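Give me a model of this one.
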Amino acid sequence: MHQTKMVCHRGARLSAPENTFASAAAALDLGGSIIELDIRQSGDGVLYVLHDESVERTTNGTGNICDMSSAQIDRLDAGSWFDPKFKGEQVPRLDAYLATFAGRAGFYLEIKLADCADVAKLVRKLGIAEQCFTYSFNPQMRRAMLTHCPEVRRMVLWSNAGSAQAARQEHHAEIVEFHTDAFDPARIRECQDAGLEVMFYTDKPDEVRFIEALRLKMNYVNIDYLALFQQLRTERATAAVSI
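The predicted model follows:
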């Protein structure tokens, strides 16, 4: 039976501080299948899981991660800003983060700014290429991941591609993501008919489109409201069994 999988945007970031071990663990507890995470690199070349260029929003530190040493980053508190009970959560090193959850989850690797050869080396070392897909809003990062890590599946936004043919031939993608402004059943079916996987992204509790994503048998939803989607998914599965 088809099941639309939950891609957990920065983990369960409504329940725990985003892009931390706690957030990833909470996401899996809520029924998530794939952890979306953001990748950046320290000044001394260590890969980290962090969304922003600056550490200021999600840690007790200041400055840009690319100007900081790994020793400085490892000392940051990445949990207290969210809730005091998460005091002591670190900015995860990418290698430890992926190794910790490799047996339990897939990964959506969003490259913010990093040496993609280093990312590829780590993916191969851990043997997780088949568990991953990747994207970057930075075209240079997308090209670099294709060059250095071609075995990892690539996602592209519908707004980048504009057609299933372009998604496959120009962007070398296997997955197309639709945002709210591009959510159109005809476009989604175009991609499905071309053998592409499809994903819906929103950071809103969009119950109407969650139900539509389930009806259209989309492969993934990339979301924050995990508990709501899990409830709707369970209700739909229960209804199908009872028919």
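
Endpoints of stretch 73-85, how far apart?
20 Å (Cα to Cα, to the nearest Å).

Contacts for it next, please.
16-20, 22, 42, 46, 48, 55, 57-61, 65, 86-91, 93 (Cβ atoms under 8 Å, 6 or more residues apart in numbering). Every C-beta, even on glycine, is put in place using the N, C-alpha and C of the backbone.

just stretch 89-98 next, same as before
Contact partners of stretch 89-98, identified using Cβ under 8 Å, 6+ apart, comprise 17, 19-22, 24, 37, 39, 46-50, 55, 58-59, 70, 73-74, 76-79, 107, 119, 122-123, 126, 128.

Keep only those of the contacts of stretch 73-85 that are in strands.
If you go by DSSP state E, these have Tyr48 in strands.

Of the contacts of stretch 73-85, which count as buried by neighbour count?
Using 16 or more other Cβ atoms under 10 Å as the burial test, these include 16-20, 22, 42, 46, 48, 55, 58-59, 61, 65, 86, 89-91, 93 as buried.

Checking Leu98 next. Helix, strand or coil?
helix (DSSP: H, G, I helix; E, B strand; the rest coil).

what's the burial count for it?
When neighbours are defined as other Cβ atoms under 10 Å, Leu98 has 25 of them.

I'd like to know how far it sits from Lys217.
Separation of Leu98 from Lys217 (Cβ to Cβ, to the nearest Å): 29 Å.

what bridges to the most centrally placed residue in the chain?
Central residue of the chain (Cα atoms, centre = their mean): Glu36, 1.9 Å from the mean position. Assessed by DSSP bridges, Glu36 has beta-bridge partners His9, Tyr108.

Okay, strands next: where are they in the protein?
Using DSSP E, strands in the chain cover 5-9, 34-41, 47-49, 106-113, 132-135, 153-157, 175-178, 197-202, 220-223.
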